[in-house]
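Enquirer: The following block contains a protein sequence and its predicted model.
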Amino acid sequence: MISAYFTPLWQISLWAPQYPEGLNMKIWIDHLSGDVDIINGVNHYIGMKHIGVEMFPEFSYLVYVFGFIIGFGFLAAVIGKRWSLYTFFSMITLLGIGVLVDMYLWGYDYGHNLDPTAAIKVPGMAYQPPLIGYKELLNFLAYSGPDTGGWILAAVGSIMLYAVVSEKLKSKKEKALA
Amino acid sequence: MKTKLWLLAGAAVAMALANGCKPKGAQSALSGDAASKVYVAPGQHDEFYNIISGGFNGQMSVVGLPSGRVFKILPVFSVHPENGWGFSEETKPMLNTSHGFVPWDDLHHIAISTTNAEHDARWAFGNANNTPRIARVDLTTFKTVEIIEIPNSGGNHSSPFITENTEYVVAGTRFSVPTGDDNQRDVPIETYKENFRGTISFISVDKEHGDMDIAFQLEAPPFNFDLARAGKKKSHGWFFFSTYNTEMAHTLLEVNASQKDKDFIMAVNWKKAEEYIKQGKGKKVKAKYAHNKWNEETHMATSVIKDEVLSLDPRELKDIIYFIPCPKSPHGTDTDPSGEYIVGSGKLAAIIPVFSFTKMLKAIENQDFEGSVDGMPVLRYESVLHGEVEKPGLGPLHTEFDGKGNAYTSFFVSSEVVKWNIETLQVLDRVPTYYSVGHLMIPGGPTGKPHGKYLVAYNKITKDRYLPTGPELAHSAQLYDISGDKMQLLLDFPTIGEPHYAEAFPATLIKDKQVKFYPLEKNNHPRALKGINDARVVREGNKVHVYMTTIRSNFRPDNIEGIRVGDEVYFHVTNLEQDWDVPHGFAVKGANTAELLIMPGETSTLKWIPDRVGVFPFYCTDFCSALHQEMQGYIRVSPAGSNVPLKYSTGVAE
């Protein structure tokens, strides 16, 4: 989880006939990188908001949320009890769900809440980026998915799940023996 | 009797119809699989960049090989209204000379930079023939970044040629001219032999940045100097210039400069010249010349007039210059990839002489001289000669090499390329060109490492090769496959301007090093804007500075009022885009200049003097986006002395 401070968590990529090389935006724990300016330049025609750090209040507190969970993780290791493992797992799961819901809500707003004076208006069209996977939006093919840090977190989640399940099984056995 | 008459008539008709007697022409020269060898599939890239001189258009063109497709006309010595070269305030100093602003020149030869006698393709050099100058082009931006004027020169044809590590780029004068102060230069033309000098300039090139400087000039005899080559590898440290008019005629050269059986190849020991300079033997002489440099961070050029060069007199400073007799007005001198052989091409000669560098050194050591010119030794022809190529063709001009022991010489008069073996001097093959080839070129051909796959002939006469376009025709070029024993014609393609020399090198040397845009944060133009909020208009007396931004798809400001007739309006336009291939253009009605074409991250300035009252439109000239046609603005011009207040805005409806 510490890797989240050094690696991008999420990425959004766009391809179009004019952009065969693709445009790529990376979302980190507290900032954005990649072709953000170019994506903004292209998206202003359809009235999408200007993507910037100020658009994501999450950047200001996500660092602390991660810090808290990491801290609890160490604490859980020290405590070494099953309940501490379960709590830690729940925290990570909640964080994951929270991030996905947050992403969806942002994507919905970004894709639907358009400037009414936009140069290009396509009736009935919304530009909500996919949560995970590919989606065609006008001349663009959009992709959204975890980046390095995201995959590491997913792996952590899976390991935790394995740990939780195996502990559960063990505790069942212990109970059965008792 | 009647039968005889009938028979005669029949024979006459048969002869008239027979076509067997006339040799077959050009149409039969192409073999079946040529098309596939030059086919570069859509989306694929050519194997070689070919940088071609534009001749009388003063520019270079960038062509791909083997396809022959033109990618760019790269402005060098001539103004280029389509991108504002020579019209924008920033580029004007690039065309400054000691004679003031010169809007045109004649660019004949290309030299691509080398390291260890191999192309490194960092820079392309080109010569201005008419008002003598050398230009340096940066091959990561394909932009002319430096131009240096050559003083004491007239007709900078013998240029540019580079030493094997690009230590120097040289410039020999075609016309010898009187040099020195005003009194020394104001002399009767008939005092040619006493007062005229044939100056050879050695221009140093900075190893890291390429910056040029005139290191020294040699005061050679008043001959006409023609094409030259540096020695390489074993002959590194020497330079070989072809000379003609060793008769030293100053009128009707056609006749008077064609009298001698032999002119000279002038061998210059430039390492020796460097030694003399170290010993302080050079003398500073007055000479006025311009030195213009482009700065990629301020996006503007500066021009400095210099007034002094270091001069060496080879009549007094021995062992710098030796003459090798060479038949009949040599036009080209070429050194083979090993540096051992020096090929002279006497344009009126019936043979091609090949000289040996080893033999030349020996002849110098043994003082095997047959005469002297002003105290500079003339070596004995037979002592320096490796051998002669017999009956090669008519009118030999230039020779390139394939790196496999073969040489290829262009023949203007017999309109052909002839392949011959350097060691044995045997002619191996010949192919026609369409028509009258001047220069020829093999990728890497003048270097120590030729890529002996293709040869291009750049022709002087086109006639019937393409769809006709009135009296003036595109100059033709032909591409040949030279990978086998026999040369094979693959492609015939039109060119831009009038190509003379060209060079080609593998695309892989530079294609991944291309600059895609200029980072805005590094833009140090004094009038650059870093964002749309800085856009403004400032009046300083009758000068009005419009600080303008462009980004898809608007100008800021786009409504300007308070300009008066006779004002000098400067549009300082910064392109805020930070993406490849998104230039914006700027044009305003009635401008006596041109347009601007502003690369992403660059700032350019167009000067405009409104001549009448009215509202003038301006617009983007480069189709930048879906709303390109909306990218426009208005300037209101009021009468001189009007008190309409200065006002500017964007997107404000009243």
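Expert: Sure, I can see it.
Enquirer: how close does the residue nearest to residue B:372 when sequence neighbours are not counted get to residue B:364?
Expert: Spatially, and ignoring its direct neighbours in sequence, residue B:372 is nearest to residue B:378 (5.8 Å; Cβ to Cβ, 6 or more residues apart in numbering or on different chains). Where C-beta positions appear, they are placed from N, C-alpha and C, glycine not excepted. From residue B:378 over to residue B:364 the distance is 11 Å, taken as Cβ to Cβ, to the nearest Å.
Enquirer: what's the overlap in contacts for those two?
Expert: Overlap of the contact sets of residue B:378 and residue B:364 (by Cβ atoms under 8 Å, 6 or more residues apart in numbering or on different chains) consists of residue B:322.
Enquirer: Please identify the residues of chain B in proximity to chain A?
Expert: Counting by Cβ under 8 Å from any Cβ of the partner chain, the residues of chain B lying close to chain A are B:551-552, B:577-579, B:625-627, B:630.
Enquirer: Now the two most distant members of the residues you listed.
Expert: Largest separation among those by Cβ to Cβ: B:578 and B:630, giving 21.4 Å.
Enquirer: Could you check which of the two is surrounded by more residues?
Expert: Higher neighbour count among residue B:578 and residue B:630: residue B:578, with 19 against 12, using other Cβ atoms under 10 Å in any protein chain shown.
Enquirer: helix, strand or coil for the closest residue to chain B within chain A?
Expert: Closest approach between chain A and chain B, counting by Cβ to the nearest Cβ: residue A:38, at 4.9 Å. Using DSSP: H, G, I helix; E, B strand; the rest coil, the structure places residue A:38 in helix.
Enquirer: ok, it touching residue B:580?
Expert: No - using Cβ atoms under 8 Å, residue A:38 is not in contact with residue B:580, being 9.7 Å away.
Enquirer: Any idea how far the longest strand along chain A is from the middle of the chain?
Expert: Secondary structure of chain A per DSSP state E: the longest strand is strand A:19-27. Relative to the centre of its chain, strand A:19-27 is centred 17 Å away, using Cα atoms, centre = their mean, to the nearest Å.
Enquirer: With stretch B:417-429 instead?
Expert: Its chain's average C-alpha position is 29 Å from that of stretch B:417-429, according to Cα atoms, centre = their mean.
Enquirer: who touches that stretch?
Expert: Outside stretch B:417-429, the residues touching it (Cβ under 8 Å, 6+ apart) are B:336, B:341, B:352, B:354, B:386-393, B:401, B:405-411, B:430-431, B:433, B:437, B:440, B:455, B:457, B:480, B:482, B:485-487.
Enquirer: What about these, which are in strands?
Expert: Per DSSP E, the contacts of stretch B:417-429 map to strands at B:341, B:352, B:354, B:386-389, B:401, B:406-411, B:430-431, B:437, B:440, B:455, B:457, B:480.
Enquirer: May I see the ChimeraX selection of the buried members of those?
Expert: Restricted to buried positions by 16 or more other Cβ atoms under 10 Å in any protein chain shown, the ChimeraX selection for the ones in strands among the contacts of stretch B:417-429 reads:
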select /B:341,352,354,386,387,389,401,406,407,408,409,410,411,430,431,437,440,455,457,480
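Enquirer: what's across from residue B:546 in the sheet?
Expert: residue B:537, residue B:571 (DSSP bridges).
Enquirer: and it, what does it touch?
Expert: B:537, B:557, B:560, B:569-572, B:648.
Enquirer: which residues are contacting stretch A:133-141?
Expert: Applying Cβ under 8 Å, 6+ apart, the set of residues contacting stretch A:133-141 from outside is A:14-18, A:46, A:122, A:125, A:127, A:129, A:142-145.
Enquirer: related to what we said a few turns ago, in contact with the residue of chain A closest to chain B: list those residues for me.
Expert: A:23, B:578-579.
Enquirer: same thing but 7 Å
Expert: Going by Cβ atoms under 7 Å, 6 or more residues apart in numbering or on different chains, residue A:38 touches A:23, B:579.
Enquirer: now swap in the one 3 residues further on and tell me
Expert: If you count contacts by Cβ under 7 Å, 6+ apart, residue A:41 has them with B:551-552.
Enquirer: residues of the helix or strand hosting it that come out buried?
Expert: In the assignment (DSSP states H and E), residue A:41 maps to helix A:36-43. Applying a neighbour-count criterion of 16+ other Cβ under 10 Å, one finds A:36-39, A:41-43 buried in helix A:36-43.
Enquirer: okay, these in TSV with distance to residue A:114 next?
Expert: Listed next are the buried residues of helix A:36-43 as TSV, based on distance: Cβ to Cβ, whole Å:
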residue	distance to residue A:114
A:36	19
A:37	20
A:38	19
A:39	15
A:41	16
A:42	14
A:43	10
